[in-house]
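>>> Sharing a model prediction with you, sequence too.
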Amino acid sequence: MTPDATVYVVDDDAAFCDSLRFLIESVNLRVQTFASADEFLAAFSPEMVGCLVLDLRMPGMSGLELQEELSKRGSRIPIIIITAHGDVPTAVQAMRGGAIDFMPKPFSDQALLDRIHQAIEKATRARGEQSVREALAARIALLTPREREVMNLVVSGKSNKEIAADLCLSAKTVETHRARVMDKMQAHSVASLVQMALAAEGR
Amino acid sequence: MIVGVIVSLAVLLQYVATVLTIRLWRTAGRSPAWLVIAAVTLLMAVRRTISLYQLDFEDQPELASMLSELVGLGISVLMVVAIWLLGPLFASILRSREELRLRTHELDHRIRELNCLFRIADLVNQPDISLADVAQGAVRLMPGAWRFPEVACSRVLLDGHEYRTPNFRPAQWFQREPVVAGGEECGFVEVVYLEPRWSPGDVPFIEEEARLLKALAERLSKIVERYRFQEQLRLHREELAHVSRLSTMGEMASSLAHQLNQPLAAIANYLRGCQRRLRSGTGDQNDLLRAMDEAASQAERAGAIVRSLRDFVAKRGPHRVPNDINQIAETAVDLVSAEAKVLGVEIRFLPTEGLPPVLADAIQIEQVILNLVRNAVEAVSRGHGGGVVEIRTAAGPADMVAVSVRDNGPGLAAEAADKVFDSFFTTKPEGMGLGLPISRSIIEAHRGRLWVTANEDRGMTFHFTVPAGNGENTYDA
């Protein structure tokens, strides 16, 4: 668990917020509580790592509206919805909006904590993948256009001779480019280069 | 000479008598008796005339005296006939007189009977008169309609309650008639004579009196049936109010059940958190104690919610005691505040301090305020935010306390404003249309008024008044 993963709780019932904080802190997770959706949005930044535990019915912006607003801002923070006013249409809408889960109050503490752990793992992994992608993108940016072409052809499985034929270059030139690509990309084998290419594309 | 004058006068009078008698015959019934008498007087006059003018029967003195005696005989015969004919005439006159006397007596009696019935009817038509007062009034009016009111007393028994005249005492001369309401006997009416004032050979009670007593018993049975019907109607209204409360309750139950979920979830969180801390050994005693304390508070909060729900649904008859209107209004506002918050409606409670106590059934008035406030909240929540509902209490005119519920919603069209208190009229798709009519019944039963006005800017204000009182007129129904 990355040290800065936090559970963000948004609920207008102060007593409930406090009790939830007490529960989550008992498994050594960091908690931050907000009394309204607006309060949370004011503190929100896309760099936040963690998950959001959200009530549905609140004065001002409702839980579903906050979910919509966050997706508009491109946030992929996982959302768990807990509510005293559960009904099926609302649940369906929340899940369609991308919530991880929809729980009524009162709920099983184990179920909620499990979900929170899953959410944080997922968020952390996503953040990890994001970093890798960013690092790879930075390396690719170092390649010249010719080197880029060579890499694409290497990754597609062509031999040096075929690449030389495709690009109308000498085999020796292709070998030089290839060596530079491996170096800049910090790849030890063609296989890892393929993996990097795939990861850079976001697959 | 003088004798002659006397005799002439006598003869003249007899002719006059004849004429008068014939006139009598013509005007007083044409009875043949008058003609006979006329004949008698005529003959007497003729005999006198004969002897007066000394008609020459001198040479036949026996003829003269024979004629005279014959005429005398005729007179006597006619007189007998006349008396024979007159007898029945006079008898019938006497009979008529007697009948007239009897009829007048009867009429007098009839008038007293009718009087008795009318006055009892008047009694029943008085607004808000109780069955006991009607029975007591009837009992007092009854003896006057009997033949010997000075020694008469009366008694009415209805559903186990007895009403009697002050002089009542059981005696051997009585008339009794059962009162039958709804097909079963529920009492009787009775008239008793304390002393025998009727002539020997007469009966204490005549048939007309038996009929009157029967009529009175029937009247009373109708009155009892009517009071029973009104009582049933009142019970039905209360039942309806209860059902309406339940359906209101059904709607409120869901939002209150959700309200309950909050404290319950919080309690679970605190307790599970304590368990985890204890198991992993990371529990700081102060933290644990604080968490348990909070859990207990949440349990109390849940209990208060359940209690307010139960109080609201409990079925009670009207129970009017002095109450603080501000307290009643505050309880009602609290019950609705959760719903209002959820719908984004602001509720402002603006009581006036120092108001006199109102004589009211707190639960019923609370229900009325709840109904008005919920209607207002619903009216403004169909808009787009900015909905405000203001509840005010103030002193009203003429020893009343006034409560008003004001909203800034879209308001009611003029036609709807007229019909809004009619049963089953509603502008809400899932409404029953009974809240306002029932509220109005409750307020009017408290001798107040409930009405609606349109605000100058937007929305409507519902007002009602309740009399102030300090409990001198309390009663349990």
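Perfect, I can see it now.

>>> Find the least confident helix or strand in chain B, judged by mean pLDDT.
helix B:414-419 (a mean of 74; mean pLDDT, DSSP states H and E).

>>> to the chain's geometric centre, what's the distance from it?
Computed by CA atoms, centre = their mean, to the nearest Å, the chain-centroid distance of helix B:414-419 equals 33 Å.

>>> Mind checking what helix or strand follows that helix in sequence?
helix B:435-445 (DSSP states H and E).

>>> Kindly provide the whole-number mean pLDDT of that next one.
Summarised as a single mean, pLDDT over helix B:435-445 is 81.

>>> distance of A:Glu147 from chain B?
Separation of A:Glu147 from chain B (CB to the nearest CB, to the nearest Å) stands at 54 Å. Placement of C-beta: from N, CA and C, glycine included.

>>> neighbours around A:Ser62, how many?
18 (other CB atoms under 10 Å in any protein chain shown).

>>> Angles on the backbone of it, please.
Note on A:Ser62: its backbone torsions stand at phi -80, psi 170 [degrees, to the nearest 10].

>>> in the stretch 51-200 of chain B, which spans are strands?
B:152-158, B:161-164, B:173-181, B:184-193 (DSSP state E, counting those that start in this stretch).

>>> Pairing partners for the second one, with directions?
Looking at strand B:161-164 with DSSP bridges, its paired strands and their directions are strand B:152-158 (antiparallel).

>>> on that earlier part again, buried residues in the least confident helix or strand of chain B?
Within helix B:414-419, the residues that qualify as buried are B:Lys419, counting by 16 or more other CB atoms under 10 Å in any protein chain shown.

>>> Write out the residues of chain A neighbouring chain B.
A:13, A:15-16, A:18-20, A:22-23, A:25-28, A:57, A:59-60, A:82, A:84-85, A:104-107, A:109 (CB under 8 Å from any CB of the partner chain).

>>> Restricted to strands, list these.
Counted as lying in strands by DSSP state E, out of the residues of chain A next to chain B, are A:Ile82, A:Pro104.

>>> picking up where we left off before, deepest-packed of the strands of the stretch 51-200 of chain B, please.
strand B:152-158 (a mean of 23; mean count of other CB atoms under 10 Å in any protein chain shown).

>>> Show me the contact partners of that strand.
B:131, B:135, B:138-140, B:142-143, B:146, B:162-165, B:167-169, B:179, B:186-194, B:220, B:224 (CB atoms under 8 Å, 6 or more residues apart in numbering or on different chains).

>>> go with 7 Å
The contact list for strand B:152-158 (CB atoms under 7 Å, 6 or more residues apart in numbering or on different chains) reads B:131, B:135, B:138-139, B:142-143, B:146, B:162-165, B:167-169, B:179, B:186-194, B:224.

>>> Stretch B:15-24 - what's its average pLDDT?
Rounded to a whole number, the mean pLDDT of stretch B:15-24 is 87.

>>> Stretch B:174-193 now?
The pLDDT scores in stretch B:174-193 average 91.

>>> now do stretch A:16-27
92.

>>> Stretch B:234-241 now?
Stretch B:234-241 carries an average pLDDT of 71.

>>> Pull out the buried positions in the top helix by length along chain A.
The longest helix of chain A (DSSP state H) is helix A:109-142. For helix A:109-142, the neighbour count (16+ other CB under 10 Å) marks A:109, A:112-113, A:115-117, A:119-120, A:123-124, A:127, A:136, A:140 as buried.

>>> Quick one: list the elements packing against it.
Packing partners of helix A:109-142 (3 or more CB pairs under 7 Å, 6 or more residues apart in numbering or on different chains; DSSP states H and E): strand A:50-54, strand A:79-83, strand A:101-104, helix A:171-185, helix A:190-200, helix B:207-280.

>>> In CSV, list the C-alpha atoms belonging to whichever helix or strand comes after it.
Note on helix A:109-142: by DSSP H and E, the next helix or strand toward the C-terminus is helix A:145-155. Taking only C-alpha atoms (Å, rounded to 0.1, in the frame of the first residue of the first chain), the coordinates of helix A:145-155 have been written out as CSV:
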residue,chain,number,x,y,z
PRO,A,145,11.9,9.6,-36.2
ARG,A,146,14.1,7.0,-38.1
GLU,A,147,14.7,5.2,-34.8
ARG,A,148,11.0,5.2,-34.2
GLU,A,149,10.3,3.6,-37.5
VAL,A,150,13.0,0.9,-36.9
MET,A,151,11.5,0.1,-33.5
ASN,A,152,8.0,-0.3,-34.9
LEU,A,153,9.3,-2.8,-37.5
VAL,A,154,11.5,-4.7,-35.0
VAL,A,155,8.5,-5.0,-32.7
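
>>> Mind checking the pLDDT average for the helix or strand just after helix A:145-155?
Moving toward the C-terminus from helix A:145-155, the next helix or strand (DSSP H and E) is helix A:160-167. Average pLDDT, helix A:160-167: 86.

>>> With stretch A:100-119 instead?
For stretch A:100-119, the mean pLDDT works out to 89.

>>> what does that stretch contact?
Residues outside stretch A:100-119 that contact it (CB under 7 Å, 6+ apart): A:7, A:23-24, A:27, A:29, A:51, A:78-84, A:86, A:91, A:94-95, B:261-262, B:264-265, B:268-269, B:272.
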